[in-house]
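K.L.:
let me see the structure of the following:
(2 chains)
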Amino acid sequence: MDQRPEIELRLTSDPMYLCGARELVGCIARRIGFDDMDCSKIALAVDEALSNIIRHGYERAFDKPIWLGITPLKPTPESIGGIIISIEDEAKQVDPCAMKGRDLEDVKPGGLGVHIIHEVMDDVRYEKRDTQGMRLIMTKQAPRPSESPRLSEKASACKVTISERSTSRR
Amino acid sequence: MANPQSTFIAIERPEQGIVVLAPNSDIDMSRSPELRSVLRQEMGGETHKVVIDLDAVEYMDSSGLATLVEAMRNAGNTDSKIVICNMSPKVSAIFEIARLDSFFSIVNSRDEAISL
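P.N.:
The predicted model follows:
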């Protein structure tokens, strides 16, 4: 991360605290302007990332540190704002390229977390921290109402409209 | 071992061979082990149907999903059935994201689940 997050939370790797992290992220996302469903999904992505660290990174050791960072993004012509979420740990380092979701055709318990994170967030990046542990940086934009996901199939038409409005303002 | 005195999951037996499990809060990594334990305890034997009533569940993560997938597989082995009901839109969303919405028997109400 180039800058420190505007909100930072340090928690220990105890699943009991997942609910607190979800509440915090969901609450901030709601203030940014995400709708209820997106807030729930963003909280889900954070929950999955934290659970993966606890389960795989720390191998269910419940007393290790995790840092959760949140930075709101300013509105743009395409969005009413957005959110950057960073999650860091001191767990064993893995190849960031290996952090991929599994094939969902094979219905079996487990292994869904990374898939869910990629499905929910616009951009997902894993990297090794300088000293030890991993860092996950996830970004999601809150689309303007005219570009809601439900209308994404008509995105090209919407963009033309926005472009025309922008031109007329000038 | 199963927890016979779960405070997280209400257990009801509306009819012979049917068990209704009703978790009363979010199902995440801290809660899913208890759900798994109760499911293992209640499946098999005289039980031919387990209804999972999610009416009070506002949130579920992939550990909850994994628990239900495991239970579905066990149901197949024990000749019993699992039916999920009263799912909120937010919980339903995670089934769709994981593309598991067609894998489970999901109905709107508990009555429907029992009579299915």
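
K.L.:
up against chain B, what does chain A have?
P.N.:
Residues of chain A found near chain B (C-beta under 8 Å from any C-beta of the partner chain) are A:14-16, A:18-19, A:22, A:36-37, A:40-41, A:43-44, A:47-48, A:51, A:54-55, A:104, A:107-110, A:112-113, A:115-116, A:119-120. No exception for glycine: its C-beta is placed from N, CA and C like everyone else's.

K.L.:
now, of these, which are buried?
P.N.:
A:15, A:18-19, A:22, A:40-41, A:43-44, A:47-48, A:51, A:54-55, A:109, A:112-113, A:115-116, A:119-120 (16 or more other C-beta atoms under 10 Å in any protein chain shown).

K.L.:
about what we covered before: now, the residues of chain A next to chain B that are in helices?
P.N.:
Counting by DSSP state H, the part of the residues of chain A next to chain B found in helices is A:18-19, A:22, A:36-37, A:40-41, A:43-44, A:47-48, A:51, A:113, A:115-116, A:119-120.

K.L.:
per-residue confidence for B:Gly76?
P.N.:
Confidence at B:Gly76, expressed as pLDDT, is 82.

K.L.:
mind checking how far it is from B:Met87?
P.N.:
Noted for B:Gly76: a distance of 21 Å to B:Met87, by C-beta to C-beta, to the nearest Å.

K.L.:
tell me the contacts of residue 63?
P.N.:
Just so you know, I chose chain A. A:Asp63 sits next to A:12-14 when contact means C-beta atoms under 8 Å, 6 or more residues apart in numbering or on different chains.

K.L.:
other chain: chain B
P.N.:
If you count contacts by C-beta under 8 Å, 6+ apart, B:Ser63 has them with A:51, B:27-29, B:32.

K.L.:
just curious, which of these is nearest to A:Thr139?
P.N.:
Nearest to A:Thr139 among the contacts of B:Ser63: A:Ser51, at 20.1 Å, using C-beta to C-beta.

K.L.:
just the pLDDT at the closest one, thanks.
P.N.:
A:Ser51 is assigned a pLDDT of 96 by the prediction.

K.L.:
over to the one 3 residues further on?
P.N.:
Note for A:Ile54: predicted pLDDT of 96.

K.L.:
same deal with the one 3 residues further on?
P.N.:
At A:Gly57, the predicted lDDT confidence score is 95.

K.L.:
burial measure for residue 59, as a count.
P.N.:
Just going to use chain A. A:Glu59 has 11 neighbours, counted by other C-beta atoms under 10 Å in any protein chain shown.

K.L.:
that was the other one, I meant chain B.
P.N.:
A count of nearby residues for B:Tyr59, using other C-beta under 10 Å, gives 22.

K.L.:
next up, the contacts around it.
P.N.:
By C-beta under 8 Å, 6+ apart, the contact set of B:Tyr59 is A:22, A:40, A:43-44, B:26-28, B:90-91.

K.L.:
quick one, strands of chain B?
P.N.:
Remark: strands assigned in chain B by DSSP state E are B:9-15, B:18-23, B:49-53, B:81-85, B:105-107.

K.L.:
could you give the angle of the first one to strand B:49-53?
P.N.:
Read that as strand B:9-15. Interaxial angle of strand B:9-15 relative to strand B:49-53 (axes from the mean of the first three to the mean of the last three C-alpha atoms, to 10 degrees): 130 degrees.

K.L.:
any idea how far strand B:9-15 is from the chain center?
P.N.:
Taking C-alpha atoms, centre = their mean, to the nearest Å, the mean C-alpha location of strand B:9-15 is offset from the chain mean by 12 Å.

K.L.:
about what we covered before: out of the contacts of B:Tyr59, the closest to B:Glu42 would be?
P.N.:
Distances from B:Glu42 to these, taken by C-beta to C-beta, are shortest for B:Ile27, at 16.1 Å.

K.L.:
partner residues bridging that closest one?
P.N.:
B:Met60 (DSSP bridges).
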